[in-house]
Each structure stands twice: as C-alpha cells, then as structure tokens.
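Using only what follows, build the 3D model:
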Amino acid sequence: MLNQIISNTPIYVWAILGFLAYRGIKSSVDRELKVRTIVIIPIVMLALSVQGILSGFGADPVVLAAWLATMSVGAAISWSLVSDKNVRILADKGTVFYRGSWAPLIMMMAIFVMKYIVNVALHVNPALHTNMLFAVISTALFGLFNGLFLGKMLRVLIMYKQAMSTNSIFASSATV
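Numbering: from 1, shown residues only. Reported below is the predicted structural model:
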C-alpha cells in the first residue's frame, strides 16, 4: 500500500519537497538575506496550509478558528524567541543576518509530512473530510507551524523597519 501511495503522488509534490529541503539546508548556515527573501518560506507554508485546509475540510468556522488560535500561539512563541543572538539587522547593507539553525528545516519537513499524511488519509478514507476531530487536530497543527514561521517573520520585519528608520534618521542628521 505504501508503494502505491508514493507512486500515485504527483510529481509537483516531490518538487515542493525538494525546494523545502534545499531552503531548510541553506537555513542551517549563517547567512545574510534581503528582506523579500525573508517572506518566501512563511508565505509558501501559509499557502500550503490554507490550500490543505480548504481542500480537505472547507471553510468550516470551527476548523478555521482552531487554525487561527494555534497560529496565534505559534506566532507569539516564535516572536519571543527572536533576539540579537540569532538575528541582526544590517541597516547599512539593507539586509538581515540570520544565525544558522536546523529548526526551519525541521519545521518545513514537519509541515510537509503532516500535509502529506492528511492528504493520504483523506484520500484513503473520504469520511475524514467530515470528521470534526480529525479536521480540528489537523488544522490546529497546521496553524501552530504557520504561526512559528509568521511570528519570526513579522518580528524580523518590524526590527528591520525600526533599524532602517533609525539609520535614515542618523544619515539625514549627519548631512546637516
């Protein structure tokens, strides 16, 4: 059965896995990123979750509430973990320095595996589409992982905006 599941998986799913693995491995080393690069993975993960939730369970208010609630918790957790030890804004270059970490790879693989398992379960047992417990647990986990990505992204974007504002104030006062 496992062989049949894997062989019936669309090619684009493996391409997404490859992209996520590539990005996750790149995250394991110290690096400087432009701001636009910071939003790529959180937006991709958000899109995968929304697509999975809507295609698997529809826009049920209870399901969406579970997703939003756990996304808020995840965002608050990751927001609080961002510090000068792991993220620095390099305002003079207009970039952000990230200390390398395996956590993004682990989270991306967790979301991918979770989405894969949920999709296989829904395909093998279509009755799960209407099973509220399955839907709430699945979407709550999607929300938690999304929140972890989004909280860090939002915190870094705010740090960046503050640093750029401070840098432009100093630059304009130096020319006076």
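
At which residues are the helices of the chain located?
Defined through DSSP state H, the helices belonging to the chain, from first to last, are 2-7, 11-26, 35-38, 40-57, 61-81, 103-124, 132-174.

where does the chain have low pLDDT?
Scanning the chain with the threshold set as pLDDT under 70 gives 168-176.

mind running it again at 50?
Judged against pLDDT under 50, the low-scoring parts of the chain cover residues 176.

Compare the helices of the chain and give me the one nearest Ala91.
Among the helices of the chain, the nearest to Ala91 by C-beta to C-beta is helix 132-174 (3.7 Å). Using the backbone N, CA and C atoms, a C-beta is placed for each residue, glycine as well.

Give me the helices and strands touching the closest one, please.
Identification of packing neighbours for helix 132-174 by 3 or more C-beta pairs under 8 Å, 6 or more residues apart in numbering; DSSP states H and E yields helix 35-38, helix 40-57, helix 61-81, strand 87-90, strand 95-98, helix 103-124.

Reformat the ones you listed as a markdown table; add distance to Phe142 and mean neighbour count.
Supplementary listing: those in a markdown table, determined by distance: least, C-beta to C-beta, whole Å; neighbours: other C-beta atoms under 10 Å:
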| stretch | distance to Phe142 | mean neighbour count |
| --- | --- | --- |
| helix 35-38 | 21 | 14 |
| helix 40-57 | 4 | 18 |
| helix 61-81 | 6 | 17 |
| strand 87-90 | 25 | 17 |
| strand 95-98 | 24 | 18 |
| helix 103-124 | 7 | 17 |
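
Turn the helices of the chain into CSV, columns for distance to Ala91.
Converted to CSV, those look like this (distance: least, C-beta to C-beta, whole Å):
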stretch, distance to Ala91
helix 2-7, 47
helix 11-26, 23
helix 35-38, 11
helix 40-57, 21
helix 61-81, 21
helix 103-124, 24
helix 132-174, 4
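
Nearest to Asp92 among those would be which one?
With C-beta to C-beta as the criterion, Asp92 lies closest to helix 132-174 of these, at 6.9 Å.

Can you give me the neighbour number for Ala140?
The tally of other residues near Ala140 (other C-beta atoms under 10 Å) stands at 18.
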